[in-house]
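> Got a sequence here, can you build the structure:
(one chain, ligands or ions: 1)
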Amino acid sequence: MPQNPIMTEWKSQNGDLWGETPQCLAHRLHQHELFSNEALGELIERYPREHYSLVEWGAQGRARSDWREGEISGLSGRDVIDAVSRSRVWINLRNAPAVDKRYAALLDEIFTEFEARIPGFRTLSRTMGILVSSPNSRTVYHSDLPGQSLWQIRGSKRVYVYPAVKPFLRPEHVEGIALSGVEMNMPYEPWYDDYADVFDIEPGQMLHWPLNAPHRVDNHDCLNVSMTLEYFTDEIRRTHMVTVANGIMRTKLGVTPKSREISGPSFWTKAVLQRALRNTTMVKRENKARRKPSFRLDPSRPGAIVDLPAA
Ligand SMILES: [Fe+2]
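The predicted structure is shown next:
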């Protein structure tokens, strides 16, 4: 184990519980030099346009189509952070390791530590996103396909994590996400909250939850900086292949899938099926390319938004 571990209060049972139940764990990245205001401002300033999303958010229950995308244009990184703190937007630096090698090295360090701590844990791929979001910003009820963790760096937020079982999550939901590429639009009822694990996370806390567990997030009334890590293990990759195949069977072939096995003959048949059909019209992943920006942050009025003329 490293001399200065990233997980500061890790106990061996945390490794046994990894992925089995939601866990809130202590980390030290809120004090890391790569997450200082200076470092984040400098990162934002030179972040390539194609790698970030600046989004003006809609209310809980509103369709994803109500969101709109914008541009930073002309603000210093520190001014962008200041503008986010005064408005209703969030900026997602979607792939920091691809933009700056220091974040790639940190991502490797984090997973090297996890692989040492969690029995049998090996990742095939992983990514890091850094999310700077406004006070009271919300992320609606949804599920993600890769393994996920959410690290709080600045500010605080309430995270609801729901059981990854029916009716909160049905196989059709993950299949729909896998085939369409859209994480939102899952059915949500307010009574679901009675069955959620609810965490108010502060700087120095990290949440990890079971694969595909639905969740939603409400920022408290303060600027939030968070980091999200996504990863695939061999098991998650196989689960994803079965999900794609089952989705094709259910929606295109009219067959209700009976199994979510990730080994044996049924798995290998589905592995072949999903591979053969992935790049056909059977699997029409929504074009995840950004929509055209329709606003920008106003350099002269911190927190104000300027509509861009429609083309
Ligand atoms: Fe998520």
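> burial measure for residue 277, as a count.
16 (other C-beta atoms under 10 Å). For glycine as for every other residue, the C-beta is placed from the backbone atoms N, C-alpha and C.
> where exactly do the helices run in this structure?
All helices of the chain, identified by DSSP state H, fall at 12-17, 37-45, 77-85, 96-99, 101-117, 171-180, 234-251, 264-277.
> Can you report how many residues lie near the residue nearest to residue 48 when sequence neighbours are not counted?
The spatially closest residue to residue 48, leaving aside those adjacent along the chain, is residue 99, at 6.5 Å (C-beta to C-beta, 6 or more residues apart in numbering). Counted with other C-beta under 10 Å, residues neighbouring residue 99 total 17.
> Surely residue 99 touches residue 51?
Yes. With contact defined as C-beta atoms under 8 Å, residue 99 counts as touching residue 51 (5.9 Å).
> How much space separates residue 138 from residue 239?
Taking C-beta to C-beta, to the nearest Å as the measure, residue 138 falls 28 Å from residue 239.
> neighbours around the nearest residue to residue 298 once chain neighbours are set aside, how many?
Leaving aside its chain neighbours, residue 298 sits nearest to residue 304 (4.0 Å; criterion: C-beta to C-beta, 6+ apart). Neighbourhood size, residue 304 [other C-beta under 10 Å]: 12.
> Renumber starting at 18 from here on
Will do, 18 is the new start, and the previous item becomes residue 321.
> out of the helices of the chain, nearest to residue 236?
Relative to residue 236, the nearest member of the helices of the chain by C-beta to C-beta is helix 94-102, separated by 10.8 Å.
> helices and strands around that closest one, which ones?
Helices and strands touching helix 94-102, by 3 or more C-beta pairs under 8 Å, 6 or more residues apart in numbering; DSSP states H and E, are helix 54-62, strand 106-110, strand 142-150, strand 312-314.
> Relative to residue 91, which of those is closest?
Nearest to residue 91, of those and by C-beta to C-beta, is strand 312-314 at 7.9 Å.
> Spit out the residues that contact residue 116 and residue 68 alike.
Contact criterion C-beta atoms under 8 Å, 6 or more residues apart in numbering; residues shared by residue 116 and residue 68: residue 110.
> wait, residue 322 sits on residue 92?
No. Look at residue 322 against residue 92 with C-beta under 8 Å: they stay out of range, at 12.0 Å.
> shared neighbours, those two?
Joint contacts of residue 322 and residue 92 (C-beta under 8 Å, 6+ apart) are residue 314.
> for stretch 316-328, what is the average pLDDT?
Averaging pLDDT along stretch 316-328 gives 79.
> how far is stretch 222-240 from where the chain is centred?
Here stretch 222-240 is found 9 Å from its chain centre; the criterion is C-alpha atoms, centre = their mean, to the nearest Å.
> what's the domain layout of this protein?
Annotated domains of the chain cover 29-249, 251-299 [automatic domain parsing].
> what distance separates the first one from the centre of its chain?
Think domain 29-249. Worked out by C-alpha atoms, centre = their mean, domain 29-249 lies 4 Å from the chain centre.
> now the shortest one
On the basis of C-alpha atoms, centre = their mean, domain 251-299 is displaced by 23 Å from the centre of the chain it belongs to.
> what's the model's confidence in it, averaged?
Mean predicted confidence for domain 251-299 is 78.
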